[in-house]
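Novice: turn this into a model:
(one chain, ligands or ions: 1)
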Amino acid sequence: MHYFNYKKNDLYCEEMLVSDLANKFATPLYVYSQATLLDHFRKIKKAFTALNPLICYSVKANSNLAILKVLVKDGSGLDIVSGGELYRAQKVVCSGKKIVYASVGKTTKEIKEAINYGILMFNVESSPELARINAIAASMHKNVKVALRVNPDVEAMTHDYITTGKKDTKFGMDIATVRNIFLNGAKYPNLKIVGIHIHIGSQITKSSPFIAAIKRVNKLIDVLRGKGIILEHLNIGGGLGIIYNKETPQTASDFAKKVIPLLKKSGLKIVLEPGRFIVGNAGALIAKTTYIKETPFKRFVIVDAAMNDLLRPSLYEAYHTILPVKKVKYKSSKLSDIVGPVCESGDFLGKARALDVGENDYIAVLGAGAYGFAMSSNYNSRPRAAEVLVNGKEARIIRKRESYKDLIQKEII
Ligand code: LLP
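Specialist: Below you'll find the model as predicted:
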């Protein structure tokens, strides 16, 4: 469900004509729908009401301050992975009590900053990291809460690059190691090891991998309880898949129905870290066609957005629906590759698509709200796109388009 729909032949975001936005703010342009964003956040919240979980939106999916603010205002916490994301959380005045911090490589500086801000807990991914946080906490005369990230060794049935719960990935610790740490908790006098964290991957469309992972950690929680170790939190991460093409992902409520009984069994306070589910379909990348290039072999629609703006197709061969912003009459019998101007054959937004557009027409790449702008770069010295947030009949710029000057601002000859 999202609010990018046609009325007659024109694509709208909520009540705004997308072509008006593109004319006003120029392209490439990220357009977000606030109603979609809030709808999805509230859907998850509602689906899990029975558990009253802490929902920590995963900042990495889309870290624009205006997006964070909308969600924090609506009650969301934040899942962060860096000092930079903590800085953003501070800027939108997210309470530390609603911040969880994962990452396999937290630095001393980042750990200190997070302790100072008073985050709820660190999701710790290795023994050396535990020792480091303990030592830093001791030096700051603090007691710090942590959860241990378990790598449950389950197949998430998603792209290899975004599978994070298999034993050969860098994430988390195996169950035996985690059990031993809990049993030797006294080794870390400045830590309160009070939770278990899992995050098994992203764009997961089935509930079975989540169920398998939760069952594994439930067993561990039982074993620990038997030894008198009582935990506070179970964090099941993010990973809920969305529709990009023909996927049939579970809805939030289907997912909740399946996992709530298991989560209740754990008896712990539940934390969720959804990113893509909340923001993925709330954003579209709008681009303008520069040329239509017909070769004896192929038809290329060359647009002014590229892999530096939206990396997912190039990096994961991810499919994004591409629509004309205005449906027109001309019909091409040929399928087209939609490509950008970047000097790489891997620079494409879509392949073999039926897309009826001519020169100077606008197109919309849907499902670009998550890991879209967030993964953009200045490759080929391309200034990054502007971002606009639509709320009903209003649209406001939430990130200005970068200029050539911005490109070289930090450089020294
Ligand atoms: N929690 C942790 C610890 C994570 O590492 C992630 C995502 C999330 C939560 C949120 O996952 P989500 O609900 O968004 O699936 N760039 C890739 C996705 C990378 C996901 C990284 N971790 C893509 O464009 O598909």
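
Novice: could you list the buried residues of stretch 282-301?
Specialist: Within stretch 282-301, the residues that qualify as buried are 282-289, 299, 301, counting by 16 or more other Cβ atoms under 10 Å. For the C-beta atoms, the positions are set from N, CA and C on the backbone; glycine is no exception.

Novice: now do the same contact list for K112.
Specialist: 136, 140 (Cβ atoms under 8 Å, 6 or more residues apart in numbering).

Novice: sorry, back to before: dump the buried residues of stretch 282-301 to TSV, plus pLDDT and distance to I115.
Specialist: Below are the buried residues of stretch 282-301 laid out as TSV (pLDDT from 0 to 100; distance: Cβ to Cβ, whole Å):
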residue	pLDDT	distance to I115
A282	98	33
G283	98	33
A284	98	39
L285	99	38
I286	99	42
A287	99	43
K288	98	47
T289	98	51
R299	95	56
V301	97	51
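
Novice: which ones, among the residues you listed, also lie beside the ligand?
Specialist: Near the ligand, taking Cβ under 6 Å from any ligand atom as the test, no member of these is found.

Novice: enumerate the residues of this structure near the ligand.
Specialist: Proximity of the chain to the ligand (Cβ under 6 Å from any ligand atom) is limited to residues 58, 60-61, 79, 102, 162, 199, 202-203, 237-240, 273-277, 312, 370-371.

Novice: which of these fall in helices?
Specialist: If you go by DSSP state H, the residues of the chain next to the ligand have 276-277, 312 in helices.

Novice: and the residues of the chain next to the ligand, which of them are in strands?
Specialist: If you go by DSSP state E, these have 58, 79 in strands.

Novice: which of the residues of the chain next to the ligand count as buried?
Specialist: Neighbour counting with 16+ other Cβ under 10 Å marks 58, 60-61, 79, 102, 162, 199, 202-203, 237-240, 273-277, 312, 370-371 as buried within the residues of the chain next to the ligand.

Novice: residues in contact with the lengthiest helix in the chain?
Specialist: The single longest helix within the chain, with elements called by DSSP H, is helix 208-226. Applying Cβ under 8 Å, 6+ apart, the contact partners of helix 208-226 are 150, 152, 154-157, 165, 175, 178-179, 182, 196, 198, 200-201, 204, 230-231, 234, 236, 239, 255, 258-259, 262-263, 265-268.

Novice: what's the average pLDDT for it?
Specialist: Taken as a whole, helix 208-226 has a mean pLDDT of 96.

Novice: for that helix, which residues meet the burial criterion?
Specialist: Within helix 208-226, the residues that count as buried by 16+ other Cβ under 10 Å are 209-214, 216-218, 220-221, 224.

Novice: swap in stretch 246-264?
Specialist: For stretch 246-264, burial by neighbour count (16+ other Cβ under 10 Å) applies to 249-250, 252, 255-256, 258-260, 262-263.

Novice: spatially nearest residue to the spatially most central residue of the chain (excluding sequence neighbours)?
Specialist: Centroid-nearest residue in the chain, with Cα atoms, centre = their mean: A61, separated by 2.5 Å. Leaving aside its chain neighbours, A61 sits nearest to G275 (3.1 Å; criterion: Cβ to Cβ, 6 or more residues apart in numbering).

Novice: please narrow the contacts of helix 208-226 to those residing in helices.
Specialist: Counting by DSSP H, those contribute 175, 178-179, 182, 255, 258-259, 262-263, 265-266 to helices.

Novice: need those residues in TSV with pLDDT, can you?
Specialist: Below are those laid out as TSV (pLDDT from 0 to 100):
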residue	pLDDT
I175	96
V178	97
R179	97
F182	95
F255	96
K258	96
V259	97
L262	97
L263	97
K265	93
S266	92
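
Novice: T108: which of these is nearest?
Specialist: V178 (23.3 Å; Cβ to Cβ).

Novice: counting neighbours, what do you get for the closest one?
Specialist: 24 (other Cβ atoms under 10 Å).

Novice: coming back round to it: and the buried residues of stretch 246-264 as CSV, adding distance to A305?
Specialist: Shown next, in CSV, are the buried residues of stretch 246-264 (distance: Cβ to Cβ, whole Å):
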residue, distance to A305
P249, 26
Q250, 31
A252, 30
F255, 32
A256, 36
K258, 38
V259, 37
I260, 41
L262, 42
L263, 41
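
Novice: just the C-alphas of stretch 187-204, formatted as CSV.
Specialist: Provided in CSV are the C-alpha atoms of stretch 187-204 (Å, rounded to 0.1, in the frame of the first residue of the first chain):
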residue,chain,number,x,y,z
LYS,A,187,33.6,-10.8,33.8
TYR,A,188,32.0,-7.5,32.8
PRO,A,189,31.2,-5.6,36.1
ASN,A,190,30.2,-2.4,34.2
LEU,A,191,27.7,-4.1,31.9
LYS,A,192,24.2,-5.3,32.5
ILE,A,193,23.7,-8.0,29.9
VAL,A,194,20.0,-8.0,29.8
GLY,A,195,18.9,-8.8,26.2
ILE,A,196,19.2,-10.9,23.1
HIS,A,197,19.2,-9.4,19.6
ILE,A,198,18.7,-11.1,16.3
HIS,A,199,18.6,-9.6,12.8
ILE,A,200,18.7,-12.3,10.2
GLY,A,201,18.5,-10.2,7.0
SER,A,202,16.5,-7.8,4.9
GLN,A,203,13.7,-8.0,2.3
ILE,A,204,12.5,-11.3,3.9
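
Novice: and it, how far out from the chain middle?
Specialist: Centroid separation between stretch 187-204 and its chain, computed with Cα atoms, centre = their mean, to the nearest Å, is 19 Å.

Novice: how many neighbours does K166 have?
Specialist: A count of nearby residues for K166, using other Cβ under 10 Å, gives 16.

Novice: now do the contacts for it.
Specialist: So K166 contacts 151, 153-156 (Cβ under 8 Å, 6+ apart).
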